[in-house]
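Chemist: model this:
(one chain, ligands or ions: 1)
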Amino acid sequence: MLKVIQSPSKYIQGPDAISHIGQYTKILADHVFVIADNFVMNLIGDTVSKSLKEHQVTSHFEVFNGECSRSEIQRLSAILSNNQCQAVIGIGGGKTLDTAKAVAHEAKLPTVLSPTLASTDAPTSALSVLYTELGKFDGYLLYPKNPDIVLVDTSIIAKSPVRLFVSGMGDALSTYFEARASSTAHNLTMAGGGTSLTGLTLAKLCYDTLLAEGFKAKLAVEAGVMTPAVENIIEANTYHSGIGFESAGLAAAHAIHNGFTTLEECHHLYHGEKVAFGTLTQLILENSPSEELETVLDFCVQVGLPVTLEQLGLRENENLHKKIMQVAITSCAEGETIHNMPFTVTPEQVYAAILAADRMGKDWLY
Ligand SMILES: [Zn+2]
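Modeler: Model (predicted):
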């Protein structure tokens with residue numbers, strides 16, 4: 001099996017990086033389509049517009065409606081084509097960036113992505129996660145290439161909501177464990193090849209960086225300030241985790257996350273919060289050593305990631321077990337990444353692992 005590593009052509013990170021967007025965009029195009037949601041547009045629209053003008057790049061700005069759905073991709077694609085832009089710039093959270101990738105792919109144009117949050121590892125990857133208009137998981141769109149440029153302004157992210165920053169650590173937390181499981185099973189990764197030493201090492205670096213810097217970074221973001229720990233966590237959440245999941249493999253944690261998206265009670269949760277609980281569940285599925293489980297539990301509790309069903313919004317009642325079974329069945333659907341685990345996984349096993357993870361989380365908290 002061939003090993004494949006894929007990544008964006010350029011990754012740029014630092015304070016006030018957004019004010020350099022014109023310089024980097026100019027490499028790709030003279031007329032660009034810019035999408036961002038209303039909030040982001042108000043926050044940095046002027047800075048982006050000024051930087052583009054400084055580098056003689058003309059632009060058409062369009063407001064993103066908030067969901068990376070098939071209908072939104074179609075709507076924006078039509079506007080893009082009417083304006084004959086030569087590249088797509090997406091600025092915002094994971095859903096904005098995923099939509100920008102889809103729109104650019106449909107039009108066969110280069111992509112510049114600027115995440116304003118470090119809440120997921122979506123920015124660097126050659127895929128989008130599609131949701132229905134009601135926010136349910138709808139599938140993955142895979143592209144032949146990664147974004148051309150990923151530009152991360154750490155001053156913006158340092159001022160982002162703490163919960164989203166922590167959620168990014170939840171998404172990054174699964175990277176190493178999913179990569180380890182998937183590579184043990186010799187599976188194909190999202191990059192379409194086997195896991196390389198590079199992919200696995202970045203995934204491990206991601207986990208080590210979270211443990212070393214996560215809590216310090218969380219405290220700094222609570223204070224709304226930039227520190228070296230914040231810079232390092234932004235790199236871990238975005239780059240290490242991004243290359244790690246794509247070129248080293250996904251497994252149970254993300255499939256279990258997808259299962260939880262089917263529950264109404266969990267819709268208020270961010271991606272990484274569900275992934276963190278999915279990670280705990282995966283570790284129980286694979287009967288990971290107690291020491292490792294305890295390190296992960298400690299980390300989650302310290303930074304504020306959910307470790308119990310109650311923290312996920314699920315209360316003990318007569319329907320709970322039925323709902324958990326529904327999560328387990330969905331996580332084992334055909335084509336799900338849970339089948340990248342190095343052993344056969346059944347819904348019954350996932351159901352048991354979720355309840356055991358919840359029990360362990362409760363024990364850890366109280
Ligand atoms: Zn993820």
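
Chemist: Next, the residue nearest to Val152 when sequence neighbours are not counted: secondary structure please.
Modeler: Leaving aside its sequence neighbours, Val152 sits nearest to Gln13 (CB to CB, 6 or more residues apart in numbering; 4.2 Å). Using the backbone N, CA and C atoms, a C-beta is placed for each residue, glycine as well. Three-state assignment for Gln13 (DSSP: H, G, I helix; E, B strand; the rest coil): strand.

Chemist: Could you pull up the contacting residues of Gln13?
Modeler: Taking CB atoms under 8 Å, 6 or more residues apart in numbering, we find Gln13 in contact with 151-152, 154, 231, 234-235, 238-239.

Chemist: what does Glu178 give?
Modeler: 203, 245, 248-254, 282, 337, 340.

Chemist: Mind doing that once more with 10 Å?
Modeler: Contacts for Glu178 (CB atoms under 10 Å, 6 or more residues apart in numbering) come out as 189, 203, 244-245, 248-255, 275, 278-279, 282, 337-338, 340-341.

Chemist: just to revisit the earlier point, so which of the contacts of Gln13 is the closest to Ile324?
Modeler: Using CB to CB, Thr238 comes nearest to Ile324 of the contacts of Gln13, at 31.8 Å.

Chemist: how near is the residue nearest to Ser183 when sequence neighbours are not counted to Leu113?
Modeler: With sequence-adjacent residues excluded and distances taken as CB to CB, 6+ apart, Ser183 is closest to Thr195, at 3.7 Å. Computed as CB to CB, to the nearest Å, the Thr195 to Leu113 distance reads 25 Å.

Chemist: Pull up the per-residue confidence for Glu316.
Modeler: Listed pLDDT for Glu316 reads 88.

Chemist: Next, count neighbours for it.
Modeler: Neighbour count for Glu316, taken as other CB atoms under 10 Å: 10.

Chemist: Leu2 now?
Modeler: With other CB under 10 Å as criterion, Leu2 counts 8.

Chemist: Spatially nearest residue to it, not counting backbone neighbours?
Modeler: That would be Gly193: by CB to CB, 6+ apart, it lies 4.8 Å from Leu2.

Chemist: correct me, but the one you found touches His186?
Modeler: No - using CB atoms under 10 Å, Gly193 is not in contact with His186; the gap is 11.0 Å.

Chemist: Give the residues shared as contacts by the two.
Modeler: Residues touching both Gly193 and His186 (CB under 10 Å, 6+ apart): Met1.

Chemist: what about the longest helix in the chain?
Modeler: Counting residues, the longest helix in the chain under DSSP state H turns out to be helix 197-222.

Chemist: My read is that Gly66 contacts Asn38, right?
Modeler: Yes - between Gly66 and Asn38 there is a contact at 8.8 Å, judged by CB under 10 Å.

Chemist: Give me the more crowded residue out of those two.
Modeler: Between Gly66 and Asn38, counting by other CB under 10 Å, Gly66 is the more crowded of the two (17 against 12).

Chemist: For the more buried one, give me phi and psi.
Modeler: phi 110, psi -20 (degrees, to the nearest 10).

Chemist: residues in contact with it?
Modeler: Counting by CB under 10 Å, 6+ apart, Gly66 has contacts 37-39, 72, 92-93, 95-96, 99, 133, 135.
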